[in-house]
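Asks: sequence first, then the predicted structure:
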Amino acid sequence: MITIGICDDDRQFIEELRAYLHDAMRFISDWQARIFTSAEEILTDIANDSFDCNLLFMDIYMSGKSGLDIARYFYEHHIDTDIIFLTSSKEHVYECYRYHSYSYLLKPISATDVATEMQRYINECTKAPKSLNISIKNSHYRIPLRSILFLESDCRKVIVHTPQKDYSYYDKLDRLEAALSPYGFIRCHQSFLVPDSKITSYEPGQITIDEYTIPVSARYKDTLEKSFQETLHPPLCSTDSFITNSVTLNRSITGALVCIKGDYLGTIIRFYADKEIIIGRDGSSCDIVINLPSISRTHCTITYHADSNSYELVDLSHNGTFLITDKEDITRITKNESYTLRPGARIYFGDRNTIYRLI
């Protein structure tokens, strides 16, 4: 079930947006809309533990608390909800992105705007890796599920083993088993929970994951053997609070390019680590399509390198890709050469009327 919230103090606009959503989601039956007429109603729902929106369309300017106040609260309290801002102002694009906004639509909006954003959102939800959200001494960590080798119970603590490091924190393995079972995690022992996709060998009494040997108890033997007979797992979708589903909350392992000026104002292009993204006008060959006259069919490639928190850009175009320096000087990137750019860099593709910033 996808729950989409609408928060605006203009009831006529709410009904207009609700109609656009019904049209955009006509091929998806398992969804519902929730209506809020003020930011305070959202905070009340959160306080009552009844706020369940996966995605929230929210106006910035409302009587009482603003949409930015709510976005800041979501950011500070790690609320697992994506936000699409609705506003008549262009001045808050960068600030909205800082507070985990998914997108930024300028009023008046159209049915096409809503359909485009919903299609993009659903596609990203399908592709985005899910994470285990934990807290250790007031620090928050999001561990991609695909990186977990296994979880181990040690007295009142749970140890999450990954190839890079281990995370030890207070929790119960029973509770984690309920949260992670939809993702192919299975119990093999009272003290161990494992992703069956990581099991490299199995023999009576034990399994192997990488260089680790993990015991299998008689209690869980049948469950473990049955998992080897299954060929498919359920899709990665869960409403349990242990799992971070929000696209933007998971951006700690990604880079992004946000449009700060022009026709695509507020659009956010996300990059998963070390995956090359092709940008251009040709939908058959590009990962990201930008329909502007200055954009070549295959305009450039951008790769985000998480280990160095940098971007590698290669221009492939006729009209060029340009870098705007802090002093507002313009530098054209040499075609077919690799450039390393840092977060904060501003670029445009052939036409300075549409400017993007690397995050």
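Replies: Yes, it's here.
Asks: from the contact counts, what lies against the helix or strand harbouring A71?
Replies: Applying DSSP states H and E as the criterion places A71 in helix 67-77. Packed against helix 67-77, as judged by 3 or more CB pairs under 8 Å, 6 or more residues apart in numbering; DSSP states H and E, are the following elements: helix 39-47, strand 55-59, strand 82-87, helix 93-98. Where C-beta positions appear, they are placed from N, C-alpha and C, glycine not excepted.
Asks: now with 7 Å?
Replies: The contact analysis (3 or more CB pairs under 7 Å, 6 or more residues apart in numbering; DSSP states H and E) places helix 67-77 against helix 39-47, strand 55-59, strand 82-87.
Asks: by mean pLDDT, show me the worst of those.
Replies: In terms of average pLDDT, strand 82-87 trails the rest of these, at a mean of 89.
Asks: so where's the longest helix in this structure?
Replies: Ranked by number of residues, the top helix in the chain under DSSP state H is helix 111-127.
Asks: pull up the pairing partners for the longest strand anywhere in the chain, direction included.
Replies: In the chain, with assignment by DSSP state E, the single longest strand is strand 254-261. The strands beside strand 254-261 in its sheet (DSSP bridges) come out as strand 268-272 (antiparallel), strand 355-358 (antiparallel).
Asks: who touches that strand?
Replies: Contacts to strand 254-261, defined as CB atoms under 7 Å, 6 or more residues apart in numbering, come from residues 93-94, 97, 265-273, 302, 304, 311, 354-359.
Asks: let's have the helices and strands packed on helix 67-77 in JSON lines, adding mean neighbour count and distance to G67.
Replies: Rendered in JSON lines, the data for the helices and strands packed on helix 67-77 read as follows (neighbours: other CB atoms under 10 Å; distance: least, CB to CB, whole Å):
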{"stretch": "helix 39-47", "mean neighbour count": "17", "distance to G67": "7"}
{"stretch": "strand 55-59", "mean neighbour count": "25", "distance to G67": "4"}
{"stretch": "strand 82-87", "mean neighbour count": "24", "distance to G67": "6"}
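Asks: which one of the ones you listed lies closest to K172?
Replies: Of all the helices and strands packed on helix 67-77, the one in closest proximity to K172, counting by CB to CB, is helix 39-47 (24.4 Å).
Asks: what helices or strands is the closest one leaning on?
Replies: Helices and strands touching helix 39-47, by 3+ CB pairs under 7 Å, 6+ apart, are helix 67-77.
Asks: could you redo the last one with a cut-off of 8 Å?
Replies: Applying 3+ CB pairs under 8 Å, 6+ apart, one finds that helix 39-47 makes contact with strand 2-7, helix 67-77.
Asks: pull out the buried positions in the longest one.
Replies: By neighbour count with 16 or more other CB atoms under 10 Å, helix 67-77 contains the buried residues G67, L68, D69, I70, A71, R72, Y73, F74, Y75.
Asks: tell me the mean pLDDT for it?
Replies: The predicted model gives helix 67-77 an average pLDDT of 88.
Asks: then that helix to PDB, C-alphas only?
Replies: Listed next in PDB are the C-alpha coordinates belonging to helix 67-77 (Å, rounded to 0.1, in the frame of the first residue of the first chain):
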ATOM      1  CA  GLY A  67       6.100  23.400   4.900                       C
ATOM      2  CA  LEU A  68       9.800  24.100   5.500                       C
ATOM      3  CA  ASP A  69       9.200  23.800   9.300                       C
ATOM      4  CA  ILE A  70       7.800  20.300   8.700                       C
ATOM      5  CA  ALA A  71      10.600  19.400   6.300                       C
ATOM      6  CA  ARG A  72      13.100  20.500   9.000                       C
ATOM      7  CA  TYR A  73      11.300  18.400  11.600                       C
ATOM      8  CA  PHE A  74      11.300  15.300   9.300                       C
ATOM      9  CA  TYR A  75      15.000  15.800   8.700                       C
ATOM     10  CA  GLU A  76      15.900  16.200  12.400                       C
ATOM     11  CA  HIS A  77      13.700  13.200  13.500                       C
END
